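S.K.: Structural data only, the sequence is not supplied:
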C-alpha cells in the first residue's frame, strides 16, 4: 500500500528510555492525528518559506528524496 492509492490516518510513536525504563509517547500536533491522502494522478508540489518575509511559495518537488 502507498499514498498513491490509500488515505491513511496515523500517529507516530516516540520510543525512549529513562533510568532503564523504556516508554512510548504518541506524537500529535495540536492533539490531532496525521492524515496522508491518496496522490495517484495528482501533481507533486513542494513549498518553501522566505525567512525574511515569512511568505510561502510553490517550488520544484525534488523526486530524489523518494528513493
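M.R.: Okay, I see it. Keep in mind that this is a model prediction, so the values were computed, not measured. Numbers count the residues shown, from 1 in each chain.
S.K.: hey, what's residue 48 bridged with?
M.R.: Note on residue 48: beta-bridge partners by DSSP bridges are residue 57.
S.K.: wait, doesn't it sit right on residue 59?
M.R.: Yes. Applying CB atoms under 8 Å, one finds residue 48 in contact with residue 59, separated by 4.6 Å. To be clear about C-beta, it is placed using only N, CA and C from the backbone, and glycine gets the same treatment.
S.K.: quick one: low-confidence parts of the protein?
M.R.: 1-5 (pLDDT under 70).
S.K.: Strands along that one, start to end?
M.R.: 8-10, 13-18, 21-26, 34-36, 46-49, 56-59 (DSSP state E).
S.K.: could I get those strands as TSV with distance to residue 66?
M.R.: Listed next are the strands of the chain as TSV, based on distance: least, CB to CB, whole Å:
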stretch	distance to residue 66
strand 8-10	17
strand 13-18	23
strand 21-26	26
strand 34-36	14
strand 46-49	12
strand 56-59	16
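S.K.: Export those strands to JSON lines and append columns for mean neighbour count.
M.R.: Formatted as JSON lines, the strands of the chain follow (neighbours: other CB atoms under 10 Å):
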{"stretch": "strand 8-10", "mean neighbour count": "10"}
{"stretch": "strand 13-18", "mean neighbour count": "9"}
{"stretch": "strand 21-26", "mean neighbour count": "8"}
{"stretch": "strand 34-36", "mean neighbour count": "11"}
{"stretch": "strand 46-49", "mean neighbour count": "10"}
{"stretch": "strand 56-59", "mean neighbour count": "10"}
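S.K.: All set, thanks.
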